[in-house]
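Visitor: this one's sequence-less:
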């Protein structure tokens, strides 16, 4: 993969940072969840044509990590439910959380995730700055894996042309 092929990764990160740095936190979160979807699309098994819930969850479980001292550690199903809520309802709940299939996230600007299962087992207050930074760390790990795994590199190379990005004319 040449330098131009990395443009979508740069654009994804840039747009999330611009939204976050300009106070458009909902937009930054939506873009982060959409970016996780894109990473799941790029990494899904070779025989698949469309990304599904299982691909999203697999990417999260492989790459999305936070500080081990945090009271909440990312679970793929929880992030998938949060993604559905914010993307489809512009809200905290989703069909998945409504059925008890995942935790519900709300977001705050502090530095730590807040999770007190003795008070509310299914509610997590996510630090959006930490979440976004954890995504950037996940994307960095994913890029490192692409560089050292030829099969993954080929899959990503074949699919990256399908990612949306704007180019200069």
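Guide: Yep, it's here. Note that the structure is predicted; figures quoted are calculated from it, not measured.
Visitor: Counting by contacts, list what whichever strand or helix holds residue 157 packs against.
Guide: Taking DSSP states H and E as the definition, residue 157 sits inside helix 150-159. Judged by 3 or more CB pairs under 8 Å, 6 or more residues apart in numbering; DSSP states H and E, helix 150-159 is in contact with helix 25-43, helix 128-148. Quick note: C-beta positions are derived from backbone N, CA and C, even for glycine.
Visitor: Point to the residue nearest the middle of the chain.
Guide: When the chain is reduced to its mean C-alpha position, the nearest residue by CA atoms, centre = their mean turns out to be residue 36, at 3.2 Å.
Visitor: Surely it and residue 62 touch.
Guide: No. With contact defined as CB atoms under 8 Å, residue 36 does not reach residue 62; the gap is 11.3 Å.
Visitor: Let's have the helices and strands packed on helix 150-159 in a markdown table, adding mean pLDDT and distance to residue 106.
Guide: Putting those into a markdown table (pLDDT from 0 to 100; distance: least, CB to CB, whole Å) gives the following:
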| stretch | mean pLDDT | distance to residue 106 |
| --- | --- | --- |
| helix 25-43 | 97 | 11 |
| helix 128-148 | 97 | 10 |
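Visitor: Could you point out which of these sits nearest residue 99?
Guide: The minimum distance between residue 99 and those falls on helix 25-43, with 19.5 Å, by CB to CB.
Visitor: Which strands or helices does the closest one pack on?
Guide: When contacts are defined as 3+ CB pairs under 8 Å, 6+ apart, helix 25-43 packs onto helix 7-21, helix 53-63, helix 76-84, helix 128-148, helix 150-159.
Visitor: now, of the ones you listed, which is deepest in the fold?
Guide: Neighbour counts averaged per stretch over the helices and strands packed on helix 25-43 are highest for helix 76-84, at a mean of 23; criterion: mean count of other CB atoms under 10 Å.
Visitor: angle of that helix against helix 128-148?
Guide: The directions of helix 76-84 and helix 128-148 differ by 110 degrees, with axes from the mean of the first three to the mean of the last three CA atoms, to 10 degrees as the criterion.
Visitor: got a list of contacts for helix 76-84?
Guide: With contacts defined as CB atoms under 8 Å, 6 or more residues apart in numbering, helix 76-84 is touched by 33, 36-37, 53, 56-61, 64, 92, 94-97, 101-105, 124, 126.
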